[in-house]
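Visitor: missing the sequence, but the structure's below:
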């Protein structure tokens, strides 16, 4: 509406949306004004003045509230598509005298919202907000939207606070099936088909470090010393094992094909996560991209990042040579 746009210079950075209460208020003011003029009743004039004064006071107070709010979002280390994500929202009130109350907090374009508790003058509150991303990939961090309806609720006044940076959303998790392993691609095979693996004879006992295999915990020493002790084993060799995802499909724009491809990516990601969490080394081949086998949180992050960013491409199946044949490849049936 043009008259609402004309008012926005009074509310820089805010957006105004009239509510049903506003339209009822206009009817009330019109009826009250006509009644006061026709009767000359001073009580009706006073009631009209109080109504208009309350309207102005409500607008000034809500504008003051939004004008002194600042906010930021703190995201967890891992965000999974289609899974509930707990985001910490921090809201500061820079007003010297007035608290902020009745403020609704949302993330633009995402489900979920909550009403903030009272934010004291020159204070802040931190609250958890549950939301979810519908898809995997790399996204700009969603804006933090703060809305105020109070005290009279004639308008929804909202403020969008941009959040710098990007957010990587991992593929959704599904029930992990048995992994389909392949041998190394041709370029890896030429450098040898063996890799060192933990699991030989015990060489020493030491304190637990992040990334250690929980199966190596020495429970008797852990109970005796009151801290987690693990066994460091002499390494032995084993064959390289890869999960292979073929991104080639017949029609990447087809909605059904994309849905099936997302299911395939989710399966590979879930299998890889399960393997690494149980201390197994696993490699990943996606098209021409190869991640050599490894274990630990950092390697899992690399695997999930590659799977979060892969997109289906038009074309026939890839030509990477695999030592265990085509049955080991994660590929859409009938798409090549």
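Guide: Noted; the coordinates are in hand. These numbers come from a predicted model, not from an experiment. Numbering: from 1, shown residues only.
Visitor: hmm, which helix or strand of the chain has the shakiest average pLDDT?
Guide: Averaged element by element with mean pLDDT, DSSP states H and E, the chain has its least confident helix or strand at strand 194-197 (a mean of 44).
Visitor: residue 82: what secondary structure?
Guide: Going by DSSP: H, G, I helix; E, B strand; the rest coil, the secondary structure assigned to residue 82 is coil.
Visitor: contacts only, for the closest residue in space to it that isn't next to it in sequence.
Guide: What sits nearest to residue 82 in space, not counting adjacent residues and going by CB to CB, 6 or more residues apart in numbering, is residue 172, at 4.2 Å. Bear in mind the C-beta positions are built from the backbone N, C-alpha and C, glycine included. Listed by CB atoms under 8 Å, 6 or more residues apart in numbering, the contact set of residue 172 reads 80-83, 136, 262, 266, 269.
Visitor: mind checking how far residue 172 is from residue 311?
Guide: When CB to CB, to the nearest Å is applied, the distance between residue 172 and residue 311 equals 16 Å.
Visitor: are any of the contacts of residue 172 buried, and if so which?
Guide: Applying a neighbour-count criterion of 16 or more other CB atoms under 10 Å, the buried members of the contacts of residue 172 are 80-82, 136, 262, 266, 269.
Visitor: of all those, which two lie farthest apart?
Guide: Distance extremes for the buried ones among the contacts of residue 172: the farthest pair is 80 and 262 at 12.9 Å, using CB to CB.
Visitor: torsion angles phi and psi at residue 176?
Guide: Its backbone dihedrals place residue 176 at phi -80, psi 120, with angles given as degrees, to the nearest 10.
Visitor: for residue 269, see how far away it is.
Guide: With distances taken as CB to CB, residue 176 is found 9 Å from residue 269.
Visitor: touching stretch 141-148 from outside, list them.
Guide: Surrounding stretch 141-148, the residues in contact under the criterion CB under 8 Å, 6+ apart are 62, 65-66, 69, 71-73, 75, 89, 91, 102-110, 156-167.
Visitor: all strands of the stretch 101-250 of the chain, in order?
Guide: Using DSSP state E, counting those that start in this stretch, the strands of the stretch 101-250 of the chain run over residues 103-107, 113-115, 123-131, 137-140, 144-148, 155-161, 166-169, 194-197, 202-207, 229-233, 236-239, 242-245, 248-249.
Visitor: looking at these, spot the one closest to residue 279.
Guide: Taking CB to CB, strand 194-197 is the member of these nearest to residue 279, at 9.8 Å.
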